[in-house]
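Student: build me a structure from this.
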Amino acid sequence: MLALAVLMLRPAQAGQQPSGQDARQNAGSGETAKSDSQKSDKQDEVDTENLFGFTEGSDTGKKGEQEVLSDTVIRFSKRRSEAGRSGYAVANTKLSYQFDPLDNLSIEFGLFGDVRRVRNIVDLNDKAYGTFDGVSIELKYQFLKGSNEQPLGLAVELRPRFARVLPVEGQGADIFDMESVLQLDLRLVPDRVWLGSNLSFEPTVGRLRGSGETDRSSTLLWSNAIMTRVAQDTFIGPEVRYLRAYDGAFLNRFEGQAVFLGPSLYHRFSDKAFLTLAYTTQVAGHSRDQEDAGRAFDLRQFERHAVRVKFGVEF
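Tutor: Residues are numbered from 1 along each chain as shown. Predicted coordinates:
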């Protein structure tokens with residue numbers, strides 16, 4: 001009978017529920033693992049598209065996502081023409097709507113405005129005005145999606161645009177340009193440090209209003225940025241850009257080059273709203289124009305300083 005009692009007790013002991021303390025420990029471990037997983041997922045979802053200042057990240061939104069964006073680039077300071085007061089400031093603003101028909105494809109429509117004030121600047125007429133500056137469509141396809149397991153992101157973006165104002169001279173024209181951008185980003189330290197890099201080619205053809213003359217030019221750009229997470233939703237880091245300007249739509253005749261360097265900041269107010277701030281200054285450059293021989297910067301093709309302010313809301 002004693003042996004029979006032992007046999008009857010063994011199944012009950014094997015199926016016995018854990019004690020209250022053990023249950024709480026198991027539940028706590030599950031909750032911790034779940035919390036860590038959710039935290040990792042949130043960090044892994046950092047959107048690199050707008051992370052890097054003037055450099056563009058490779059990310060696209062998820063299928064069905066939409067975004068409205070205000071993107072302003074302010075360029076200022078060029079070489080004065082003669083003694084006296086001078087000034088050069090141009091603000092180009094894009095208001096855009098973006099949607100993602102697929103997880104790796106985004107389409108963006110943009111409207112541009114141009115506001116400028118120019119006084120006593122070499123080769124430029126004095127002027128002060130604001131005007132509508134054309135429309136654009138941007139098509140972006142992401143080939144690789146970066147993650148902690150696969151840190152490389154890669155995308156290509158095409159940006160056909162019709163503009164109404166020459167970007168440097170400010171003269172009225174009917175302009176078509178087609179910028180092509182290779183966008184790459186890399187997670188150097190998971191959830192902590194990101195590298196962004198762009199290679200861009202932008203041919204431009206325009207017909208000047210009034211004279212009917214044709215203006216052809218092209219620009220080659222290589223930019224790199226590093227952003228570090230300093231808080232859960234705040235990132236800062238340096239950015240360097242190298243630009244080359246050419247006369248002719250296919251890099252025909254070299255006109256000048258410039259190197260820009262400066263800081264960037266990216267902050268997310270919520271899961272749906274963000275702000276990107278960037279500043280760059282020309283630290284080196286050279287113009288082929290004979291009048292600029294021996295000068296340290298190219299202030300004929302490019303400005304001395306630039307600021308970018310980008311605010312977006314996703315829905």
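
Student: low-scoring stretches of this structure, by residue?
Tutor: For the chain, residues meeting the criterion pLDDT under 70 lie at 1-44.

Student: let's verify the residue positioned nearest the centre of it: helix, strand, or coil?
Tutor: Geometric centre of the chain, nearest residue: Glu56, 3.0 Å, by Cα atoms, centre = their mean. Recorded secondary structure, Glu56: coil (DSSP: H, G, I helix; E, B strand; the rest coil).

Student: which stretch of helix or strand covers the closest residue to it other than its chain neighbours?
Tutor: Closest residue to Glu56 apart from its sequence neighbours, by Cβ to Cβ, 6 or more residues apart in numbering: Gln183 at 5.2 Å. For every residue, glycine as well, the C-beta is placed using N, CA and C. If you go by DSSP states H and E, Gln183 is part of strand 172-189.

Student: and that strand, what does it pack against?
Tutor: The contact analysis (3 or more Cβ pairs under 8 Å, 6 or more residues apart in numbering; DSSP states H and E) places strand 172-189 against strand 152-165, strand 193-208, strand 214-231.

Student: chain center to the last one: distance?
Tutor: For strand 214-231, the gap between its own C-alpha mean and the chain's C-alpha mean amounts to 8 Å (Cα atoms, centre = their mean, to the nearest Å).

Student: give me the buried positions along it.
Tutor: Neighbour-count burial for strand 214-231 flags Asp215, Ser217, Ser218, Thr219, Leu220, Leu221, Ser223, Asn224, Ala225, Ile226, Met227, Arg229 (criterion: 16 or more other Cβ atoms under 10 Å).

Student: show me which positions of the next helix or strand after that strand end up buried.
Tutor: Moving toward the C-terminus from strand 214-231, the next helix or strand (DSSP H and E) is strand 234-247. Across strand 234-247, burial judged by 16+ other Cβ under 10 Å covers Phe235, Ile236, Gly237, Glu239, Val240, Arg241, Leu243, Arg244, Ala245, Tyr246.

Student: strand 193-208 and strand 234-247, what's the angle between them?
Tutor: Per axes from the mean of the first three to the mean of the last three Cα atoms, to 10 degrees, the angle that strand 234-247 makes with strand 193-208 is 30 degrees.

Student: may I have strand 234-247 exported as PDB, CA atoms only?
Tutor: Listed next in PDB are the C-alpha coordinates belonging to strand 234-247 (Å, rounded to 0.1, in the frame of the first residue of the first chain):
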ATOM      1  CA  THR A 234      17.900  62.700 -30.900                       C
ATOM      2  CA  PHE A 235      21.000  62.300 -33.200                       C
ATOM      3  CA  ILE A 236      23.900  64.600 -34.000                       C
ATOM      4  CA  GLY A 237      27.000  64.400 -36.100                       C
ATOM      5  CA  PRO A 238      29.300  65.900 -38.700                       C
ATOM      6  CA  GLU A 239      28.800  66.100 -42.500                       C
ATOM      7  CA  VAL A 240      31.100  66.800 -45.400                       C
ATOM      8  CA  ARG A 241      30.200  67.500 -49.000                       C
ATOM      9  CA  TYR A 242      32.300  67.700 -52.100                       C
ATOM     10  CA  LEU A 243      30.800  69.500 -55.200                       C
ATOM     11  CA  ARG A 244      32.100  70.000 -58.700                       C
ATOM     12  CA  ALA A 245      30.400  72.400 -61.200                       C
ATOM     13  CA  TYR A 246      30.600  72.000 -65.000                       C
ATOM     14  CA  ASP A 247      29.600  74.000 -68.000                       C
END
